[in-house]
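1. Attaching a predicted model along with its sequence, questions to come.
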Amino acid sequence: MEKKKRLTGLYWVLFFASIAAFFGVYSVGGGYCSMVLPFNVTFFAMAMDLM
């Protein structure tokens, strides 16, 4: 079966925004930056079209 090509531009934007949020939370809260990691991983997987 052929896979339909999905547009992943939005997911790349969300991934880079979550990276910025990660460093923003790290600079303010330190240890709380791990709460942003699920967003980083999920948006990266969706941008790479793994999910």
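-> Alright, I've got the coordinates. Treat the numbers as computed from the prediction; the structure is a model and nothing was measured.

2. where do the helices sit along this structure?
-> 9-29, 37-47 (DSSP state H).

3. mind putting these in a markdown table, mean pLDDT and mean neighbour count included?
-> Heads up, the C-betas are built off the backbone N, CA and C, glycines and all. Below are these laid out as a markdown table (pLDDT from 0 to 100; neighbours: other C-beta atoms under 10 Å):
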| stretch | mean pLDDT | mean neighbour count |
| --- | --- | --- |
| helix 9-29 | 95 | 14 |
| helix 37-47 | 95 | 15 |
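
4. Which among those helices is found nearest to residue 3?
-> helix 37-47 (14.5 Å; C-beta to C-beta).

5. neighbouring contacts of that closest one?
-> Outside helix 37-47, the residues that touch it by C-beta atoms under 8 Å, 6 or more residues apart in numbering are 8, 11-12, 14-15, 18-19, 21-22, 51.

6. Just give me how far that helix sits from the chain centre.
-> 3 Å (C-alpha atoms, centre = their mean, to the nearest Å).

7. what angle do that helix and helix 9-29 make?
-> 160 degrees (axes from the mean of the first three to the mean of the last three C-alpha atoms, to 10 degrees).

8. Let's see helix 37-47 as CSV, backbone CA atoms only.
-> What follows is helix 37-47, C-alpha atoms only, in CSV (Å, rounded to 0.1, in the frame of the first residue of the first chain):
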residue,chain,number,x,y,z
LEU,A,37,10.0,16.8,27.1
PRO,A,38,6.8,14.8,26.0
PHE,A,39,5.9,17.7,23.7
ASN,A,40,9.5,17.7,22.3
VAL,A,41,9.5,14.0,21.5
THR,A,42,5.9,13.9,20.2
PHE,A,43,6.2,16.8,17.9
PHE,A,44,9.6,15.5,16.6
ALA,A,45,8.1,12.1,15.9
MET,A,46,5.2,13.7,14.1
ALA,A,47,7.5,16.0,12.1
